[in-house]
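A.B. asks: based on what follows, work out the 3D shape:
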Amino acid sequence: MLISELKNKKIGVLCGGMSTEKEISLKSGKAVLNSLKQMGFKAVAIKVDKNAAQHIKQSKIDIAFPVLHGVYGEDGAVQGMLEIMGIPYVGCGIFASAASMDKDITKKLLKTAKLNTPDWFSLKQFQEIPQIKKYPVVVKPANGGSTIGITVAKTYAAFLKAAKNAFKYDKKIIVEEFVKGKEITVAVCGGQVLPIIEIVPKGGFYDYKAKYQKGCASHIIPARISKKSEQTAKKYAAKVYELFDCRAICRVDMIVDMTEKVWILENNTMPGMTETSLVPDAAKAAGLSFNDLVLRLLEHL
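C.D. replies: You can find the predicted model right below:
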């Protein structure tokens, strides 16, 4: 649909949600809503809760712009509801959203496609724990984001504590080999691979605070990695976009280890759109303003 045609449509920015990332979604949603209004679109905010379908129906929108993070928003649930309601929406579809949200499924697909990802195993509550041969390991909920519930465990005792914490957020967790190196992220917008960002958290770990509090992490563009690693990371991001059948946007988080080998950690189908978020920074480095970024997403309905 042409942008000129969209100016006559009512766009609902879906934000909030019922996950642990609600507050971030509200910030992202506010930024997108303000951008749409600045550009002359008829846009309204719709706060998503258990009565989301009712709110959406009452708002009489023509197009949905979901800016939801975590479960019940980024996992295909809202996308499925919008499909049933016959409302076109911005961003990835049901499969890409659901497969990317479950980190265990994500890694299985990456392995099948012969893309590098750290070794791991998944674990459900009361399931027998496989032997862990090497520490440290990264313990995290299989479904979730914003580094909530994630711990780097250096001993068996620390692992048990980390697993207990991760199970607070999901019924399934993954235990992943820890790869030491530079954290990078590569966004793909409408099929275009954006500049790579190197993430340097001040506290040494890219946790919730580092992600969303100003001054707690540096975004370095261009990333301080070799040309070969840069090419590999961009190739991986493009392949992930295609493999997961993404639409409009995705952001692939990776690690470049001490030997310059690139490892894929996860795929984000609804990245943050706050003032400290990564995708807007990558877009800026590519010459795209925040408004340009929002328009680019709208173009891929």
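
A.B. asks: when you work out contacts or count neighbours from here on, use the C-alpha atoms and nothing else.
C.D. replies: OK.

A.B. asks: which helix or strand contains the closest residue to Ala163 other than its chain neighbours?
C.D. replies: Distances taken as CA to CA, 6 or more residues apart in numbering put Val139 closest to Ala163, at 6.4 Å, once the chain neighbours are dropped. Assessed by DSSP states H and E, Val139 sits inside strand 137-141.

A.B. asks: which residues does the residue nearest to Ala163 contact?
C.D. replies: Ile150, Thr151, Val152, Ala153, Phe159, Ala162, Ala163, Ala166, Ile173, Ile174, Val175, Glu176 (CA atoms under 8 Å, 6 or more residues apart in numbering).

A.B. asks: residues in a beta bridge with it, which ones?
C.D. replies: Thr151, Val175 (DSSP bridges).

A.B. asks: how close does it sit to Ile173?
C.D. replies: Remark: distance between Val139 and Ile173 (CA to CA, to the nearest Å) = 7 Å.

A.B. asks: helices along this protein, start to end?
C.D. replies: Applying DSSP state H to the chain gives helices spanning 3-6, 22-38, 52-59, 77-85, 94-101, 103-112, 156-166, 208-212, 227-243, 278-285, 290-298.

A.B. asks: number of nearby residues for Val13?
C.D. replies: Residues lying near Val13 (other CA atoms under 10 Å) number 29.

A.B. asks: in the sheet, who's paired with it?
C.D. replies: Going by DSSP bridges, Val13 is paired in beta bridges with Ala45, Phe65.

A.B. asks: residues in contact with it?
C.D. replies: By CA under 8 Å, 6+ apart, the residues touching Val13 are Gly29, Val32, Leu33, Ala43, Val44, Ala45, Ile46, Ala64, Phe65, Pro66, Val67.

A.B. asks: tell me the most packed of the contacts of Val139, by neighbour count.
C.D. replies: Ile173 leads those on contacts (other CA under 10 Å) with 27 neighbours.

A.B. asks: let me see the contact set for that residue.
C.D. replies: For Ile173, the contact set (CA under 8 Å, 6+ apart) comprises Ser122, Leu123, Lys124, Val139, Lys140, Pro141, Ala142, Asn143, Ala163, Ala166, Phe167.

A.B. asks: can you rerun that using 6 Å?
C.D. replies: Going by CA atoms under 6 Å, 6 or more residues apart in numbering, Ile173 touches Ser122, Leu123, Lys140, Pro141, Ala142.

A.B. asks: show me how this protein divides into domains.
C.D. replies: 3-90, 99-116+180-298, 120-177 (automatic domain parsing).

A.B. asks: can I get the helices of the chain in JSON lines including mean pLDDT?
C.D. replies: Output for the helices of the chain, formatted as JSON lines (pLDDT from 0 to 100):
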{"stretch": "helix 3-6", "mean pLDDT": "84"}
{"stretch": "helix 22-38", "mean pLDDT": "95"}
{"stretch": "helix 52-59", "mean pLDDT": "96"}
{"stretch": "helix 77-85", "mean pLDDT": "97"}
{"stretch": "helix 94-101", "mean pLDDT": "97"}
{"stretch": "helix 103-112", "mean pLDDT": "98"}
{"stretch": "helix 156-166", "mean pLDDT": "95"}
{"stretch": "helix 208-212", "mean pLDDT": "48"}
{"stretch": "helix 227-243", "mean pLDDT": "98"}
{"stretch": "helix 278-285", "mean pLDDT": "96"}
{"stretch": "helix 290-298", "mean pLDDT": "96"}
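
A.B. asks: Asp253 versus Ile225, what's the distance?
C.D. replies: Ile225 is 15 Å from Asp253, by CA to CA.
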